[in-house]
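Trainee: the sequence and its predicted three-dimensional model are supplied below.
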Amino acid sequence: MRAADGAIEVIRLDPKAEDPSAAVALGVIGDVEARGLCGSGLVDAVAELARVGLLDASGRFVPEEAAAGVAPALADRLTTVRDGERVFVLHRPTPDAPAVESVYLSQRDVRELQFAKAAISTGWTLLLEELGLEASEVQQVLLAGSFGSYLSPASAVRIGLVPKLSVLRIVSAGNVAGRGRRWCCCPHASGRAPTRCSRRWPMSSSRTVPTSTTGSSTSSPSPSEPAAAGRVALVACGAIAQPAADAATANGWPLDVHPLPPLLHNRPERIAGAVEELVLALRDRYDRVTVGYADCGTYGALDAVCERLGVERLPGLHCYDLFAGASAVEQLGDDEPGTYLLTDFLVKSFSRTVVQELGLDRHPELRDDYFRHYTRVVWLVQTTDPAEQAELRALAQDAAARIGLPLEVRPTGTGGLERALAGLLSTTR
């Protein structure tokens, strides 16, 4: 059914729930009794059934005896309806209602989704081949339209609808067709002039056809103060400015840290411009200026600024890579695409950077809209001080509870950041 009141849009399964009636959690549009399944709910249902082992790799429901072994709390929901078609019952209007009068996912539903998924994944696979790119090199996936606005990125990754990426790189683009029409019809209102694409892509059946906010305090001088000769300036994200300054002090590096507001991460399209402005303000007073940001959601815009200004930045896609290592962060996403990451800074500032910024202090009912696509919180722990760890653990647990997710703790230290800074200081351009 369409996304109207009564449509199931979010599904979570607990295969080992002690109470079978609590094994299926549904998000229903309008908070009324479920009457059907909309598109985002269909994707969620298939992804969850695959996750718990009730759908095999071919998309077929597993036999009853296998279901009882892998998901005992859900096995009795696998049944048959007319003509013997196998279904998974999502919601019964009454406890003893027959499957045919209930809301269910059928084997036919799964097959139809597989056809649609195959068409979409074939499209982006061919595009990547044409461009000579690997899926891991994709910087951002935009989910367009009303369907994309409510689709769970974690579920889309799990069933292969989009490339296997961190959910942080998969975002809703909204009504891009409408925006495009407005842009073309009223270019002056948007501040941009439309351009004509000069390249024409051939149509072929052949795969081989060529074709602010909160700041961070450090001991560094302000941009208006004179700096000593022989020193290096680091234009840093406020979220890592203090650990960077601590590392500089501990290692005796001639490094002055100049932080930008950490809440720029809520508007990453502004990061590159803010970095450029501060680099230009500092470069005449330092032997070198460097950039204490990873890509941080700028999708190449920051790299373009660094190239134009002749400065280096920290490696990686985001600060999580600097603390835990890129491979470890990627593995976290592979193990559970719906992973929400915290650093020590985010744990300390969660109420400000997340709760207040998203308006959850004023509208707590929005929590599920923001976080329904996530399944766990992982805190990457930088501090090694036992007392501080205990204090931050309590804050991390509170943060996870506020968004209704379980907490996992992964110690990382700051060694990765220190090595990245040392590498930055040793390079020349």
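Mentor: Great, that's in hand.
Trainee: any low-confidence regions in the stretch 51-200 of the chain?
Mentor: 146, 175, 177-200 (pLDDT under 70).
Trainee: is Glu312 in contact with Ser426, as I believe?
Mentor: No - assessed by C-beta atoms under 8 Å, Glu312 is found out of contact with Ser426, at 10.1 Å. Backbone N, C-alpha and C define where each C-beta goes, glycine included.
Trainee: specify which residue of the two has the higher count of neighbours.
Mentor: Shown here are Glu312 and Ser426; by other C-beta atoms under 10 Å, Glu312 has more neighbours (16 against 7).
Trainee: confidence score at that one?
Mentor: Here the pLDDT value assigned to Glu312 is 94.
Trainee: now it: phi and psi?
Mentor: phi -100, psi 150 (degrees, to the nearest 10).
Trainee: would you map out the domains in the protein?
Mentor: 7-111, 119-182, 232-314, 326-411 (automatic domain parsing).
Trainee: A helix includes Asp76, no?
Mentor: Yes - assigned with DSSP: H, G, I helix; E, B strand; the rest coil, Asp76 falls within a helix.
Trainee: dump the residue contacts of it.
Mentor: By C-beta atoms under 8 Å, 6 or more residues apart in numbering, the contact list for Asp76 reads Pro20.
Trainee: closest one to Glu418 among the domains of the chain?
Mentor: domain 232-314 (4.7 Å; C-beta to C-beta).
Trainee: all strands for this protein, in order.
Mentor: 7-13, 24-28, 36-37, 78-80, 86-91, 103-106, 141-144, 170-174, 232-237, 255-260, 288-292, 339-342, 376-381, 407-411 (DSSP state E).
Trainee: switch those strands over to TSV; also include mean neighbour count.
Mentor: As requested, the strands of the chain are exported to TSV (neighbours: other C-beta atoms under 10 Å):
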stretch	mean neighbour count
strand 7-13	22
strand 24-28	18
strand 36-37	19
strand 78-80	18
strand 86-91	21
strand 103-106	22
strand 141-144	16
strand 170-174	16
strand 232-237	26
strand 255-260	24
strand 288-292	25
strand 339-342	22
strand 376-381	22
strand 407-411	15
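Trainee: CSV for these, including distance to Ala400?
Mentor: Formatted as CSV, the strands of the chain follow (distance: least, C-beta to C-beta, whole Å):
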stretch, distance to Ala400
strand 7-13, 16
strand 24-28, 17
strand 36-37, 29
strand 78-80, 32
strand 86-91, 27
strand 103-106, 30
strand 141-144, 26
strand 170-174, 22
strand 232-237, 23
strand 255-260, 27
strand 288-292, 28
strand 339-342, 8
strand 376-381, 4
strand 407-411, 4
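Trainee: follow-up on the earlier one: so which of the domains of the chain is the most surrounded?
Mentor: Neighbour counts (mean count of other C-beta atoms under 10 Å) averaged over each of the domains of the chain peak at domain 232-314, with a mean of 20.
Trainee: give me the residue at the spatial middle of the chain.
Mentor: Leu168 (1.7 Å; C-alpha atoms, centre = their mean).
Trainee: ok, for Phe88, nearest residue in space, not its chain neighbours?
Mentor: The shortest distance from Phe88 to any non-neighbouring residue, by C-beta to C-beta, 6 or more residues apart in numbering, is to Leu105 (4.8 Å).
Trainee: the one you found and Ile8: what is the separation?
Mentor: Look at Leu105 and Ile8: by C-beta to C-beta, to the nearest Å, they are 10 Å apart.
Trainee: ditto for Phe323
Mentor: 38 Å.
Trainee: how about the residue nearest to Pro20 when sequence neighbours are not counted, phi and psi?
Mentor: Excluding its sequence neighbours, the residue lying closest to Pro20 (C-beta to C-beta, 6+ apart) is Ala73, at 4.7 Å. Main-chain dihedrals, Ala73, degrees, to the nearest 10: phi -80, psi -10.
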